[in-house]
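Asks: generate coordinates for the sequence data below:
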Amino acid sequence: MAGEFGWFDYTVVGGTLLFSILIGAYYAIFAKQKTEDLLVGGRNMGAGPIAASMLVTYLSAITVLGYPAEVYAYGSQIFMNSIVFVIFVPFSCYFFMTVFYKMQLTSVYEYLEYRFDSRWVRWLASSIFIIQMSFFMGVCLYAPSIALESFIGLKMWYSVVGLGVCATVYTSIGGLKAVVWTDVFQLLMLMAGLFAIIIEGFMKSGGLLEAFEKTGHHGRLELFNFTIDPFMRHNTLNFILGHGFTIFCLYGTHQPQVQRYCSLPSLKHAIKAVIFAMPLSIFTVALCLLCGIVIFATYADCDPITLGHIRVADQIVPHFVKDQLGFIPGMMGLFTACVFSAALSTLSSGLNSIAAVIWEDFFVKIPVMKSMTQNGQANSVRALAAVFGFVAIGLAFLAPHMGHILAATITAMGAFNGPLGAVFFMGLLMPFVNKTGALCGMITGFISMSWITAGSFILKKSHIPLPYSVDACLDALPGSNNLTLPMNIQNIGSTEIEWPEKIFTLSYVMYPFVGGMITFSVGIVASILSGGCKQARNVEERYLHPLLRQKKSKDIFADINFNSQNHVDRLAKTSSIKSTAICYYDPLSTNTPISSPGVASQKPFLY
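Replies: Residues are numbered from 1 along each chain as shown. Model (predicted):
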């Protein structure tokens, strides 16, 4: 029957989940993987698969459901994300990737311990990442449950538990290689579902030009808005500052990305993977926006939200598939598999990254862990991934209380990305920032953004969507003369709230930028007050960006194998070169010590 799940739909969905698990089983049974294989794929992955994995780690089901819903309710300004992405990714590669790749890190937070000579800085950053990624996975796991609820009335917790268990199984047993190759397969499934929606949508709405004309007529094709207002939900400046800072930090310092480009055999391959990921990302986002345009054009004058067919805009894509494509056998199954694949890719990437961070930053130095065999260590990493799989399942039940799904996801990421990105930036480009500044900055930034985030959820602020219309179908409804249409009278606008509560109406796009600025400000002041300017001369150049290294100094990363004990002495000798301190630097001084107690040179990178 049209609009209902049939045996073919169940076959498509079941086959997708089974194939993902089989990929994990293959690497678990036949690959004989050690700990390094599980976490960084043996550092011999291919640039193409890694590029696909970089993409789907963050797009996922949020893209498939959230972006079209965003266009439907608020317009196409969200495409500014892709424009900003193209601008800031090259900067991220230049400032971060060129340094971190040569360190061959498994956990990016390892850098912070050596740069600031403090395990506490490393542990704090790792903990913030674990909290951030756990909430992000919870939101992404919740998203597909909307699709199933709309399709076949399946209770949310059934789909949450089923998807969570599936991703946990193939991630924990297969490691990074299984995650990457399932990401590739799931990206193909995601695109197949999007193409099906776009093709049918253009046919239903009267063609490409007609769809754009209808969408533009209802005010949903406005891309640029140059209003200067950090409390406005979307405007061009907010995207540049907020999302720009997110991309700058995300692609250079976020564990899932660092883990992926460090799994490649050379820096050239890492840069190639990012270059591949850029057009792939733009293409995928463009498909999602086209989905939003054709869906809105289809319902431009017969809005299902106003008519009560669905409750929220996040359900518009599943509703469209069921309403317009349900008569095609297997099409509902293909869409469900598309959404499931997207969710699984994000969840598996997050689980693998969290396992890597916990193992490298907390467990690897514990004597009992050190004494384990390779198989024992690998099984411990698998167990970590499994534990956090169930944590993500639990957090998924909080997602319905976080508002619009796309805003909720960006909020969960942005609230913590700012402080994390800022401390890496200070480490590489501000030699005078010391461990006191790093700790104070991160703690203040994290607490401040957590406070703002919690306040916004308690306030339950929302934004009035663009107008909907039912002009073409209202008269055809039984009893339409007595029909009362739902109004958006309970939405809270930021202009209605006075200070200090107004801070909680800050645009979710601006969270990373504000968090970063707080971390910068506190970190710089705390460092100066705690003697950071004098300590700057003792910071080793290898922990700073090449821009701050002396022109005549040799890039010691170029020909030093960090895995070789034989080069440790050479590394220590090179550390006598002074760094360019921003606060204080005396180029004529000849009494700079080669190493001092508590300076990071006493902790070379050993693996």
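
Asks: which secondary structure elements does the strand or helix carrying Ala273 contact?
Replies: Using DSSP states H and E, Ala273 sits in helix 267-298. On a contact count with 3 or more CB pairs under 8 Å, 6 or more residues apart in numbering; DSSP states H and E, helix 267-298 meets helix 47-58, helix 67-74, helix 80-92, helix 98-103, helix 156-205, helix 208-217, helix 255-261, helix 316-324. Backbone N, C-alpha and C define where each C-beta goes, glycine included.

Asks: give me the mean pLDDT for the longest one.
Replies: Helix 156-205 carries an average pLDDT of 83.

Asks: compute the inter-axis angle for that helix and helix 47-58.
Replies: 110 degrees (axes from the mean of the first three to the mean of the last three CA atoms, to 10 degrees).

Asks: same thing with the second one?
Replies: Here helix 67-74 points in a direction 40 degrees away from that of helix 47-58 (the same axes, to 10 degrees).

Asks: export helix 67-74 as PDB, just CAs?
Replies: Extracted C-alpha coordinates of helix 67-74, given in PDB (Å, rounded to 0.1, in the frame of the first residue of the first chain):
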ATOM      1  CA  TYR A  67      19.100  21.600   6.300                       C
ATOM      2  CA  PRO A  68      16.000  21.000   4.300                       C
ATOM      3  CA  ALA A  69      13.900  21.900   7.400                       C
ATOM      4  CA  GLU A  70      16.000  25.000   7.800                       C
ATOM      5  CA  VAL A  71      15.300  26.100   4.300                       C
ATOM      6  CA  TYR A  72      11.600  25.300   4.700                       C
ATOM      7  CA  ALA A  73      11.100  27.300   7.900                       C
ATOM      8  CA  TYR A  74      13.800  30.000   7.800                       C
END
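
Asks: about what we covered before: report the buried residues of the helix holding Ala273.
Replies: 267, 269-274, 276-278, 280-282, 284-285, 287-298 (16 or more other CB atoms under 10 Å).

Asks: tell me who's in contact with Gln77.
Replies: Glu222, Leu223, Phe224, Asn225, His234, Asn235, Phe239 (CB atoms under 8 Å, 6 or more residues apart in numbering).

Asks: in the residues you listed, which residue is surrounded by the most others?
Replies: Phe239 (23 neighbours; other CB atoms under 10 Å).

Asks: ok, and the closest non-adjacent residue to that residue?
Replies: Closest residue to Phe239 apart from its sequence neighbours, by CB to CB, 6 or more residues apart in numbering: Met80 at 4.0 Å.

Asks: could you do Gly75 as well?
Replies: Nearest non-adjacent residue to Gly75 (CB to CB, 6+ apart): Arg220, at 4.2 Å.

Asks: Ala192: what's it in contact with?
Replies: By CB under 8 Å, 6+ apart, Ala192 lies in contact with Leu334, Cys338.

Asks: I'd like the distance from it to Asp301, if you could.
Replies: Look at Ala192 and Asp301: by CB to CB, to the nearest Å, they are 30 Å apart.

Asks: switch the helices and strands packed on helix 267-298 over to TSV; also include distance to Val13.
Replies: Output for those, formatted as TSV (distance: least, CB to CB, whole Å):
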stretch	distance to Val13
helix 47-58	18
helix 67-74	20
helix 80-92	29
helix 98-103	39
helix 156-205	10
helix 208-217	29
helix 255-261	26
helix 316-324	13
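
Asks: which among the ones you listed is found nearest to Gly421?
Replies: Closest approach to Gly421 among the helices and strands packed on helix 267-298 (CB to CB): helix 80-92, 9.4 Å.

Asks: neighbouring contacts of the closest one?
Replies: Contact partners of helix 80-92, identified using CB under 8 Å, 6+ apart, comprise 223-224, 234, 236, 239-240, 243-244, 247-252, 274, 278, 281-282, 285-286.

Asks: try it again at 6 Å.
Replies: For helix 80-92, the external contacting residues (CB atoms under 6 Å, 6 or more residues apart in numbering) are Phe239, His243, Gly244, Ile247, Phe248, Tyr251, Gly252, Met278, Ile282, Val285.

Asks: next one: it to chain centre, how far?
Replies: How far helix 80-92 lies from its chain's middle: 14 Å, per CA atoms, centre = their mean, to the nearest Å.

Asks: pLDDT value on the closest residue to Gly175 other than its chain neighbours, please?
Replies: Distances taken as CB to CB, 6+ apart put Leu38 closest to Gly175, at 3.4 Å, once the chain neighbours are dropped. Note on Leu38: pLDDT of 71.

Asks: ok, Phe605 next?
Replies: 39.

Asks: related to what we said a few turns ago, identify the farthest-apart pair in the contacts of helix 80-92.
Replies: Gly252 and Val285 (20.2 Å).

Asks: near Ile29, how many other residues are there?
Replies: Counted with other CB under 10 Å, the neighbours of Ile29 add up to 10.

Asks: state the pLDDT value of it.
Replies: 76.

Asks: who touches the helix or strand where it lies?
Replies: Per DSSP H and E, Ile29 falls inside helix 7-30. With contacts defined as CB under 6 Å, 6+ apart, helix 7-30 is touched by 166, 169-170, 173-174, 177-178, 181-182, 329-330, 332-334, 336-337, 341, 344.

Asks: what do you get if the cut-off is 8 Å, keeping everything else the same?
Replies: 33, 162, 166-167, 169-175, 177-178, 181-182, 185-186, 189, 329-334, 336-337, 340-341, 344.

Asks: filter these down to the buried ones.
Replies: 33, 162, 166-167, 169-175, 177-178, 181-182, 185-186, 189, 330-334, 336-337, 340-341, 344.

Asks: tell me how many other residues surround Val339.
Replies: Neighbour tally, Val339, other CB under 10 Å: 30.

Asks: and the angle from the helix or strand hosting it to helix 156-205?
Replies: For Val339, the host element (DSSP H and E) is helix 331-358. Computed by the same axes, to 10 degrees, the angle separating helix 331-358 from helix 156-205 equals 130 degrees.
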